[in-house]
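Asker: kindly generate the corresponding structure for this input.
(one chain, ligands or ions: 1)
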Amino acid sequence: MDGKALAARVRAEVAYGVAELGRPVGLATVLVGEDQASALYVRRKQEACEEVGIEPIHHELSGATSEEELLALVGRLNADERVTGILVQLPLPEHMDEGRVIRAIEPIKDVDGFHPVSAGHLLQGEPTFVAATPAGIMELLAAYEIPLEGARAVVVGRSNIVGKPIALLLLAENATVTMCHSRTRDLPGVVREADVVVAAVGRAGMVTREMVKEGATVVDVGINRVSGKVVGDVAEDVREVAGHLTPVPGGVGPMTIASLLRNTVRAGEYQAGRLAFPRG
Ligand code: NDP
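Answerer: The predicted structure follows:
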């Protein structure tokens, strides 16, 4: 499944959406500290914004910034009309409480979908901002017409930003969903039953050929650096048995950025009153 090609199509749609909205759209990105990978991700997001007509508004803070200073910046961005969406790049330095920082973002600007209000909307079947990675995965599955209704889906990993939301989205499409994690007994046996496997763990090659049913769809979310190379959570030879597979790189990653852009336009639509944002 070619995430790069689909992401290009999504970006074209987003560019159209921005132009059609008829008001400026800005995405504020906040990077705290000197983490190289985070800096690269933020740069990619800024470049993608420029390409579709979203103004990137970047704030870079030193790793020594206090949580109060960061919260004050988030407060200013909440109040700034130029800022349609706010993204605080994770992970934050150890001395900061990520949950507190995310909760400080106005839910109507929570384009990353990590705020408990956004998570609650998804849980209750009225999604507003769905976290970009799971949203991108669903778009890939739809584009490749992977049947989900009644399908057995196994999600490996239960994080708030990937595992849990993708499980809810698959459930909403009427898949029968099993969530696996580090305490799951007989992981190979569980994964082998899946028509759709989502691997979101962060361990190179942990889903092996022997674990995958012939013809299954395998979504590889993992990003692991092994001897200077980026690889996923799915072993290379899984392609010999999988019906569909997302490559790493070029699968889920590009779709994540494209979905973030989509969410930013959606925020613009809420703020313009074109879409109703559920309150309370
Ligand atoms: P987390 O570290 O938050 O979660 C990892 C999950 O994997 C946990 O739920 C953990 O279980 C589970 N796990 C760990 N070891 C095992 C094991 N041996 N067997 C089964 N489950 C296990 O990671 P994220 O969800 O944030 O990210 C997962 C991966 O996806 C990472 O490689 C990350 O870089 C990548 N990623 C990629 C994105 C993209 O755009 N392509 C976006 C976001 C993430 P437990 O809860 O029990 O500890």
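
Asker: surely Val30 is in a strand?
Answerer: Yes: under DSSP: H, G, I helix; E, B strand; the rest coil, Val30 falls within a strand.

Asker: return the residues of this structure in contact with the ligand.
Answerer: Residues of the chain lying close to the ligand by C-beta under 6 Å from any ligand atom are 133, 156-159, 161-163, 180-184, 187, 200-203, 221-224, 252-253, 256. C-beta: built from backbone N, CA, C; applies to glycine.

Asker: those residues in helices, which ones?
Answerer: Of the residues of the chain next to the ligand, the ones assigned to helices by DSSP state H are Thr133, Gly163, Leu187, Val252, Gly253, Thr256.

Asker: mind giving me the PyMOL command for buried ones among the residues of the chain next to the ligand?
Answerer: Entered in PyMOL, the line below selects the buried ones among the residues of the chain next to the ligand, by 16 or more other C-beta atoms under 10 Å:
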select buried, resi 133+156+157+158+159+161+162+163+180+187+200+201+221+222+223+224+252+253+256
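
Asker: would you map the strands across this protein?
Answerer: In the chain, the strands defined using DSSP state E lie at 26-32, 55-61, 85-88, 152-156, 176-180, 196-199, 217-220, 224-226, 229-231, 244-245.

Asker: deepest of the ones you listed, which one?
Answerer: Highest mean neighbour count of the strands of the chain: strand 196-199, a mean of 29 (counted as mean count of other C-beta atoms under 10 Å).

Asker: what does it contact?
Answerer: The contact list for strand 196-199 (C-beta atoms under 8 Å, 6 or more residues apart in numbering) reads 137, 141, 146, 148, 151-157, 163, 166, 170, 175, 191, 206-207, 212, 216-222, 232-234.

Asker: stretch 148-167 too?
Answerer: Taking C-beta under 8 Å, 6+ apart as the rule, stretch 148-167 contacts 90, 113-114, 119, 122, 130-131, 133-134, 137-138, 141, 170, 173-181, 184, 187, 190-191, 193-202, 206-207, 221, 233.

Asker: nearest residue to the residue nearest the centre of the chain in space, ignoring adjacent ones along the chain?
Answerer: Central residue of the chain (C-alpha atoms, centre = their mean): Thr133, 2.1 Å from the mean position. Once flanking residues are discounted, Thr133 sits nearest to Thr256: 4.6 Å by C-beta to C-beta, 6 or more residues apart in numbering.

Asker: pretty sure that neighbour contacts Met138?
Answerer: No: counting by C-beta atoms under 8 Å, Thr256 does not reach Met138; the two are 11.8 Å apart.

Asker: give the contact list for Gly53.
Answerer: Contact analysis of Gly53 by C-beta under 8 Å, 6+ apart lists Ala15, Val18, Ala19, Val25.

Asker: can we see that at 7 Å?
Answerer: Listed by C-beta atoms under 7 Å, 6 or more residues apart in numbering, the contact set of Gly53 reads Ala15, Val18, Ala19.

Asker: so which of the residues you listed wins on neighbours?
Answerer: The member of those that has the most neighbours, counting by other C-beta atoms under 10 Å, is Val18 with 22 neighbours.

Asker: surely that one is in contact with Leu27?
Answerer: No: using C-beta atoms under 7 Å, Val18 is not in contact with Leu27, being 10.8 Å away.

Asker: which residues are in contact with each of these two?
Answerer: Ile54.

Asker: quick revisit: ok, the residue nearest to Thr133 touching Gly136?
Answerer: Yes: using C-beta under 7 Å, Thr256 is in contact with Gly136, at 4.9 Å.

Asker: Arg104: what's its closest spatial neighbour, skipping adjacent residues?
Answerer: In this structure residue 104 is Ala, not Arg. Spatially, and ignoring its direct neighbours in sequence, Ala104 is nearest to Val74 (4.5 Å; C-beta to C-beta, 6+ apart).
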